[in-house]
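In: Sequence and predicted model, in that order:
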Amino acid sequence: MPLENRLKEFRAKKDINQQDLGKLVGASRQTISLIERGDYSPSVTLALKIAQYFETSVEEIFILTEDDV
């Protein structure tokens, strides 16, 4: 898994479902699901939009593991 994430955790804190988050950031529910499962790495633009929605940095949500450096 090249990129780990805490997206599901952040969604739970804001009590927002995948469908609604997708609409807010311009992605489908399926894309949000794939990101959460680690099966899809978002574009820089999408990662920034997600971080902006949660009012945090990209690095707080998306973590590059040492194996990937």
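Out: Arrived safely. None of the values given here were measured: they were computed from a predicted structure.

In: all contacts plus neighbour counts: C-alpha atoms, from now on.
Out: OK.

In: And the strands in this structure?
Out: Assigned by DSSP state E, the chain shows strands spanning 3-5, 62-64.

In: Quick one: mean pLDDT for the last one?
Out: This points to strand 62-64. On average, the pLDDT along strand 62-64 is 94.

In: Check which helices and strands that strand sits against.
Out: In terms of contacts (3 or more CA pairs under 8 Å, 6 or more residues apart in numbering; DSSP states H and E), strand 62-64 is packed against strand 3-5.

In: which residues touch the strand it packs on?
Out: 35-36, 38, 41, 61-65, 68 (CA atoms under 8 Å, 6 or more residues apart in numbering).

In: Show the end-to-end separation of stretch 2-11, please.
Out: End-to-end distance of stretch 2-11 (CA to CA, to the nearest Å): 21 Å.

In: Same check on stretch 28-42?
Out: For stretch 28-42, the end-to-end distance is 12 Å (CA to CA).

In: Go through that stretch and flag the buried ones.
Out: Neighbour-count burial for stretch 28-42, counted by 16 or more other CA atoms under 10 Å, picks out 28-29, 31-33, 35-36, 41-42.

In: next one: phi and psi at Asp39?
Out: When read as degrees, to the nearest 10, the backbone of Asp39 gives phi -90, psi 0.

In: Let me know the distance separating it from Glu9.
Out: In this structure, Asp39 and Glu9 are 17 Å apart, going by CA to CA.

In: and what of Leu64?
Out: 17 Å.

In: do the same with Ser43
Out: Between Ser43 and Glu9 the distance is 20 Å, computed by CA to CA.
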